[in-house]
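> Fold the stuff below for me.
(3 chains)
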Amino acid sequence: MAGQVKMTAIASRQSKPVGGAPSTAGTAPAQVVTIKQTVVLSQRWKGSRNLFPALIFLGLFFFAPLIGLLLRGVLEPTPGLGNYEQLFANSAYARVLFNTFSVAGLVTLFSLLLGFPLAWAITLVPRGWGRWMLNIVLLSMWTSLLARTYSWLVLLQASGVINKTLMAMGIIDQPLEMVHNLTGVVIGMSYIMIPFIVLPLQATMAAIDPMVLQAGSICGASPWTNFFKVFLPLCRSGLFSGGLMVFVMSLGYYVTPALLGGAQDMMLPEFIVQQVQSFLNWGLASAAAALLIAITLVLFYFYLKLQPESPVGANNTR
Amino acid sequence: MSAVIKDVAQQPQTLVCLRNLNKHYGDFAAVDNISLDIQDGEFLTFLGSSGSGKSTTLSMLAGFETPSSGEILVSGKSLVNVPPHKRDIGMVFQRYSLFPHLSVRDNIAFPLAIRKLAAAERNKRVDAMLKLVQLDQFAHRRPSQLSGGQQQRVAIARALVYEPRILLMDEPLGALDKKLREDLQDELRQLHRRLGITIVYVTHDQEEAMRLSQRIAIFSHGKIVGLGSGYDLYQNPPNAFVASFLGNSNFLRLKAQGNAVATFEGQLLSIRLTAGLQTGQDTLLMIRPEKAQALSVEQAAAQPLQTGWNEVSAKVGEVLFLGESQTCAVLTQGGTAMTVKALSAAGMPLKTGEQVRVRWATADACVYTQWAESDLNKAAGAH
Amino acid sequence: MLLTPNAMSPRLRWGLYSVTGLIALFLLLPIVFIVLLSFGSSQWLVFPPPGWTLKWYQQFFNNPEWMAAAFASLKVAVLTTIFAVALGLPTAFALVRGRFPGRDMLYGIFTLPMIVPLVIIAVAVYALFLKLGYTGTLFSFVVSHVIVALPFTIISIINSLKLFDQSIEDAAVICGASRIQAVFKVTFPGIRPGMVAGALFAFLVSWDEVVLSVMMASPNLQTLPVKMWTTLRQDLTPVIAVASTLLIALSVLVMFIAATLRRRNEARMPS
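Residues are numbered from 1 along each chain as shown, chains lettered A, B, ... in the order given. From the prediction side, this is the model:
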């Protein structure tokens, strides 16, 4: 889901298709007396043949393995819901779930707090400085994830620049432990998620008519009230969709937690990999994966609810 | 008009024949049993509002839509199962539809390249086309570097370069502003006269249809409801829908009292001799605003009513000055609204609230015995 | 007034600007830092470095393992790009041009690999290839990368195709070209920006892919991120900084190409 945001950044801007009356084909029921039924059918499925290559590919290499994986959760080692029971009953595993949700929550909060001013400034100054800010956001988003995580690893380590700077300034006496624990994970992931807040939020803000805010202040609202009663509610859809997306992405992130986190404070994705690679416990891994997918899809459903526009559009008229 | 009369006199041959053509989308009939003969070399316009079936009919001619049933014959041969690229029909699209990645020259050469014509012949023909549409200097530009009118000329050149017998044009001037549109309409008419090609033109603009075509087919709800020269369709509309669709019209509801007499709001009027009228039958009278006259009471007293004319009393609602003409909206005693139009030069010294006498010649008013209420509504015609 | 800088109170405005500046620096910090470190002379990644050197680059380019990894990355990324575009093109055509019901749902299905957490895709595909005995092969790398790259190419091409007026293709057909000829001669050139963007996305996705690659990797075949990953877990040698810098450089290059193409495309289609 990061993809949609990543792409709007570079791909040509989406605009409405030009012209054309709304199509009546396809929606109409296929019951015409005068026409041969085959004609109607071929019309109804016109162009669908082209879907087969990609459908077959995804079916073989994506859906089949995914379903296979999910099935293992109820089949291995013995058929039943044993794996799920274990997942919720064992306190160590419950701890993993708790870590996952609290990290995702914190990351969402921090990236919202840091992303909001950035989106606001970019909207205020769309050219010049704002354009540069936007480029920085895009650069950071499209720069190798591994490279940035490695960088944070070096920056945050006990002998790293940040600890040294803080000690030189006399704020702390001994190095803070900022890597190989949840602090490192939250810092690194908040950093990575900021662009995913800024871009949708900036789009929402750019769509707000400045006159509405002027109207607010003419009606006697102080800047303070105007901000909380007019501006913030207008940004709400951007804040919600951005925040929701970051939350979902954070739940499923593997690279950053694996590198910046510690062995004790594991998150769900690491847990799944560990169960598969170290313990060969496919059943438990599968149960955890099913849980993660379920949460992801439910949240993604809400995310979609916030985006009313049809992605494929109705531009198939002549 | 003279062109029309000449053509009719020559008895031209039928080139395209549409026979009981239907196009259904599910339950919806976009084209409903259309039959039409298109003469060789004529300029025929499909006129109608959006959704009336005119564009679908054109698409079936081009081959982009397959008829649900019916036949399309060109010179007697069926075209229904011929794919569009083998029909040898030229087409100009609504939004020019030039190939954005090719130069003007390559755009025009495209149909010839596809037909694998020798380079020398290809160049010769493209040069001739560039000259015809006066775009010689722009040959190496990209379409995006041309104005809308120039782009449209390229589209026309591209459609003509392979010398098709039929040229289809789907609202080709719709995107241009009024002045440019009129210039291109004149060019198009001259082009047609010079090349003698058969043109089928689709538009929703009735003035454009009048200006360009020898015959007009008026589409409504997937049917052709009127076919003929612009003059005939305007002066003697075949039905109330065509009357209200083309230009402005006044409709009076009458009760027939014989073949040539009817009552309007209790008053006897003479109407055109119409066979089969029964006493008491509901009848509709249509008078064009410019065929009616509005006279003040004094004027009416000074000019006695001639024979073959009718007169009703009314009250002036509003007088509008429109430049070359003036209109006067009046209300009859029975509450029927009418509009009278006159050239400004003739003068219409009337004021709101005054009594007037509205007169018209019996021969100028059309009589209909069958109509639907929605026909009288100007905007009706689309689904 | 909260959206018009001149109408804002100066205190608020400068407050916002300075906060924004700091956040922007925060975003730039690790990127600039890693590039600088790759030129620093300290083995222990001391910052600021005591001196500047190119020796880590020498080490990188002279090490056959790193070079093999870089080459493998390139090979996988190129193959992924080719297959993702080849599969994405017909799919995008079907979704935009097709008149069949359920197109929105199908779109959802095709973008699902973007939504399902990578770890889960990785584990699932790993299980499949483990059974088939394909782990560590080029095939397994390319297939797993195409799964996640495909939504990017499909969406790019869809966006481009939605903007391409189909009547241009129809014009080619009426000019005498068969439908296939028209698609190749007119439509493909017309949607080239979308196809190129889709290809670039697919390349970047594959080039930077860690999770799937780590699961697919074997000692004989590993991509650059995999090599970085395994090295990282042993020590933080500056050679990783070199690899990171190269990854960053390529991302910036691709972004730059994409931005240039977009600008050219916008110039070509005045609306």
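
> OK, contacts around residue B:248?
B:288, B:289, B:339, B:341 (Cβ atoms under 8 Å, 6 or more residues apart in numbering or on different chains). Where you see a C-beta, it was placed from the backbone N, CA and C, and this is true even at glycine.

> Can you tell me who the third one pairs with across the strands?
When you say that, I think you mean residue B:339. residue B:329 (DSSP bridges).

> Spell out which residues sit in contact with it, please.
Shown in contact with residue B:339 (Cβ under 8 Å, 6+ apart): B:248, B:250, B:289, B:327, B:328, B:329, B:330.

> Would you confirm that the fifth one contacts residue B:350?
Yes: here residue B:328 reaches residue B:350: they are 5.7 Å apart, a contact under Cβ atoms under 8 Å.

> who touches both of these two?
B:294, B:316, B:319, B:356.

> Any figure for the gap between residue B:239 and chain A?
26 Å (Cβ to the nearest Cβ, to the nearest Å).

> With residue C:193 instead?
Distance from residue C:193 to chain A, by Cβ to the nearest Cβ: 6 Å.

> Now do residue 80: how many residues are near it, please.
Went with chain A since none was named. Residue A:80 has 11 neighbours, counted by other Cβ atoms under 10 Å in any protein chain shown.

> could you do chain B instead?
Neighbours of residue B:80 (other Cβ under 10 Å): 14.

> OK, contacts around it?
Contacts of residue B:80 by Cβ under 8 Å, 6+ apart are B:66, B:67, B:71, B:72.

> 6 Å instead, please
For residue B:80, the contact set (Cβ atoms under 6 Å, 6 or more residues apart in numbering or on different chains) comprises residue B:72.

> And it, how close does it get to residue B:33?
16 Å (Cβ to Cβ, to the nearest Å).

> go on, residue B:346?
Counting by Cβ to Cβ - residue B:346 and residue B:33 are separated by 46 Å.

> what's the answer for residue A:175, then?
Counting by Cβ to Cβ, the gap from residue A:175 to residue B:33 is 88 Å.

> repeat for residue A:94
For residue A:94, the distance to residue B:33 - Cβ to Cβ - is 72 Å.

> Which one of the two is surrounded by more residues?
residue B:33 (15 against 12).

> so the more buried one makes contact with residue B:21?
No: contact criterion Cβ atoms under 6 Å: residue B:33 and residue B:21 do not qualify, at 7.2 Å.

> Give me the nearest residue to residue C:69, chain neighbours excluded.
Of all residues not flanking residue C:69 in the chain, residue C:227 sits nearest, at 3.8 Å (Cβ to Cβ, 6 or more residues apart in numbering or on different chains).

> hang on, I meant residue B:180
Per Cβ to Cβ, 6+ apart, closest to residue B:180 is residue B:149, 4.9 Å.

> Select the longest helix from the chain.
By default, I'm working from chain A. Secondary structure of chain A per DSSP state H: the longest helix is helix A:91-124.

> I was thinking of chain B, sorry if that wasn't clear
Chain B, longest helix under DSSP H: helix B:178-195.

> helices or strands next to that one in the packing?
When contacts are defined as 3 or more Cβ pairs under 6 Å, 6 or more residues apart in numbering or on different chains; DSSP states H and E, helix B:178-195 packs onto helix B:206-212.

> and with 8 Å instead?
helix B:148-160, helix B:206-212 (3 or more Cβ pairs under 8 Å, 6 or more residues apart in numbering or on different chains; DSSP states H and E).

> what's the offset of the longest one from the middle of its chain?
In other words, helix B:148-160. 23 Å (Cα atoms, centre = their mean, to the nearest Å).

> Just the C-alphas of that helix, formatted as PDB.
Provided in PDB are the C-alpha atoms of helix B:148-160 (Å, rounded to 0.1, in the frame of the first residue of the first chain):
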ATOM      1  CA  GLY B 148      -7.300  23.600 -32.800                       C
ATOM      2  CA  GLY B 149      -8.400  24.600 -36.300                       C
ATOM      3  CA  GLN B 150      -5.100  23.400 -37.800                       C
ATOM      4  CA  GLN B 151      -5.300  20.100 -36.000                       C
ATOM      5  CA  GLN B 152      -8.700  19.600 -37.400                       C
ATOM      6  CA  ARG B 153      -7.400  20.200 -41.000                       C
ATOM      7  CA  VAL B 154      -4.700  17.600 -40.400                       C
ATOM      8  CA  ALA B 155      -7.400  15.200 -39.300                       C
ATOM      9  CA  ILE B 156      -9.400  15.900 -42.500                       C
ATOM     10  CA  ALA B 157      -6.300  15.500 -44.700                       C
ATOM     11  CA  ARG B 158      -5.500  12.200 -43.000                       C
ATOM     12  CA  ALA B 159      -9.000  11.000 -43.600                       C
ATOM     13  CA  LEU B 160      -9.000  12.000 -47.300                       C
END
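
> What angle do helix B:178-195 and it make with each other?
On the basis of axes from the mean of the first three to the mean of the last three Cα atoms, to 10 degrees, helix B:148-160 is oriented at 20 degrees to helix B:178-195.

> Other residues contacting helix B:148-160?
For helix B:148-160, contacts defined as Cβ under 8 Å, 6+ apart pick out B:90-93, B:96-98, B:104, B:107-108, B:110-111, B:129-130, B:132-135, B:138, B:143, B:146, B:167, B:172-173, B:175-176, B:180, B:183-184, B:187-188, B:191, B:195, B:197, C:171, C:174-175.
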